[in-house]
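Trainee: need coordinates for the following:
(2 chains)
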Amino acid sequence: MTHLLMNKLKMPLFKTSTMYDFGVFGGFDFDLRKLGFKGGIFFKDKGRSVIPGHLIRPRDKFELKKSVRGKRGFILLEGGDYDLWRYAAEKCLVDGIIGMEKSKEGMDDVLAKRMAERKVSLVINLRDYTKARRREVVLGRMMRHTFLAKKFNTPIMLVSGARRKEELKHPYVMISFGVMLGLSVKEAKDALRVVQEEVIKRFKNEANA
Amino acid sequence: MKPTLKEKRRYILIRSLEGDLRWEDIKKAIKDFLGDVGLAKANPKVMEKGKNYIILRVRHDMVDGVRASLVLLDTLLSVPRVSGTIKKIREFIKEGDRDARATK
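Mentor: Numbering: from 1, shown residues only, chains lettered A, B, ... in the order given. Model prediction:
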């Protein structure tokens, strides 16, 4: 009955409709609202994104500084090494760091603390896990990062990292994955909503100013 | 058997938005993610299989594990509902169909 009523009022059927997927890397045609998300960031298709997203892959600090210059929206750092992540976090150059699980070094307590102070998010990419050769190793690193992030209050984001339509994940699947990593249900839900909303709000304020 | 000693179950509705949904693939994903012990503990069973959906029965404390294991599937699917009774899941499916017809 409630569904019929919601349909008449043109309201979304999902309770997840306040959540975002801030990591869609493919340039495919799909409406994230069909899956229950409110929106997302398509790094290859700016028209579909809620706010512009920039994925940067610098090799060193100079390239990093150069690549973030003049960019507005959500800036996501991928690749690099520990020194680069630390520099990016300490100088507040990016909004999030993705793909730290792929590296052997990963995130340590110092980096987690710096990221928490500067509100730089730990972005956990589900695709890094599903497409890894040694999935158990990546999952272990994700668990360790989640543990550190919880301990030092580092913002966490869960993203699908989809390059194809089939790789998109339902919000409930992502929440369950977060729970398996060691988050509580509330924390896992917040990983799909809270930081994303803050980024959107900040972008809108900057645009109005 | 006392009700407190009975296994508590949950019913998960898995819907495919595009492409086929095969039980063998789901089982393999659960096995890959949770391992043999996890699969045995979850005790998944297909209760109903429709054109584009599957109702799966699992142990109540393994719902998150089973749902998380679906990340390994390369199919566009949604998991819109988990319920304690299969009746409610069936009602949910019926309501959804009715909604779809109403919008048409």
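
Trainee: so, low pLDDT: which residues of chain B?
Mentor: For chain B, the stretches with pLDDT under 70 are B:97-104.

Trainee: helices or strands up against the longest helix anywhere in it?
Mentor: Using DSSP state H to define each element, chain B has its longest helix at helix B:23-42. With contacts defined as 3 or more CB pairs under 8 Å, 6 or more residues apart in numbering or on different chains; DSSP states H and E, helix B:23-42 has these neighbours: strand B:53-59, helix B:63-69. Backbone N, C-alpha and C define where each C-beta goes, glycine included.

Trainee: right, so of the ones you listed, which gets closest to chain A?
Mentor: Closest to chain A of the helices and strands packed on helix B:23-42, according to CB to the nearest CB: helix B:63-69, at 3.8 Å.

Trainee: so which elements touch the closest one?
Mentor: Judged by 3+ CB pairs under 8 Å, 6+ apart, the packing partners of helix B:63-69 are helix A:171-181, strand B:9-18, helix B:23-42, strand B:76-83.

Trainee: out of these, which one sits most buried?
Mentor: Each of the helices and strands packed on helix B:63-69 was scored by mean neighbour count; the highest is helix A:171-181, a mean of 25, by mean count of other CB atoms under 10 Å in any protein chain shown.

Trainee: would you put the C-alpha positions of that helix in CSV?
Mentor: Output of helix A:171-181 as CSV, limited to C-alpha atoms (Å, rounded to 0.1, in the frame of the first residue of the first chain):
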residue,chain,number,x,y,z
PRO,A,171,23.6,0.1,-1.8
TYR,A,172,22.6,-2.7,0.5
VAL,A,173,25.3,-4.9,-1.0
MET,A,174,27.8,-2.1,-0.3
ILE,A,175,26.6,-1.7,3.2
SER,A,176,26.9,-5.4,3.9
PHE,A,177,30.5,-5.3,2.5
GLY,A,178,31.3,-2.5,4.8
VAL,A,179,29.9,-4.5,7.7
MET,A,180,32.2,-7.4,6.7
LEU,A,181,35.1,-5.0,6.8
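
Trainee: contacts for it?
Mentor: A:14, A:16, A:19, A:21, A:35-37, A:124, A:126, A:139, A:142-143, A:146, A:156, A:158, A:160, A:169, A:185, A:187-189, A:191-192, B:63-65, B:67-68, B:70-71, B:78-80 (CB atoms under 8 Å, 6 or more residues apart in numbering or on different chains).

Trainee: state the distance from the closest residue to A:Val195 other than its chain neighbours to chain B.
Mentor: Nearest-residue entry for A:Val195: A:Pro155, 4.6 Å, with adjacent residues in sequence omitted and distances by CB to CB, 6 or more residues apart in numbering or on different chains. Distance of A:Pro155 to chain B, computed by CB to the nearest CB, to the nearest Å: 21 Å.

Trainee: quick check, A:Pro155 in contact with A:Ala116.
Mentor: Yes. Look at A:Pro155 against A:Ala116 with CB atoms under 8 Å: they come within range, at 7.4 Å.

Trainee: any common contacting residues for those two?
Mentor: A:Ala149.

Trainee: what residues are up against the residue nearest in space to the middle of chain B?
Mentor: Nearest residue to the geometric centre of chain B (CA atoms, centre = their mean): B:Ile12, 3.1 Å. B:Ile12 sits next to B:Ile55, B:Leu56, B:Arg57, B:Val58, B:Val63, B:Val66, B:Arg67, B:Val79, B:Arg81, B:Val82 when contact means CB under 8 Å, 6+ apart.

Trainee: up against chain A, what does chain B have?
Mentor: When proximity is defined by CB under 8 Å from any CB of the partner chain, chain B lies next to chain A at B:17-19, B:32, B:63-65, B:67-68, B:70-72, B:74-80, B:95-96, B:98-99, B:102-103.

Trainee: pull the longest helix from chain A.
Mentor: Assignment by DSSP H gives helix A:135-152 as the longest helix of chain A.

Trainee: nearest to chain B: which residue in chain A?
Mentor: Across chain A, no residue is closer to chain B than A:Ser176, which sits at 3.8 Å (CB to the nearest CB).
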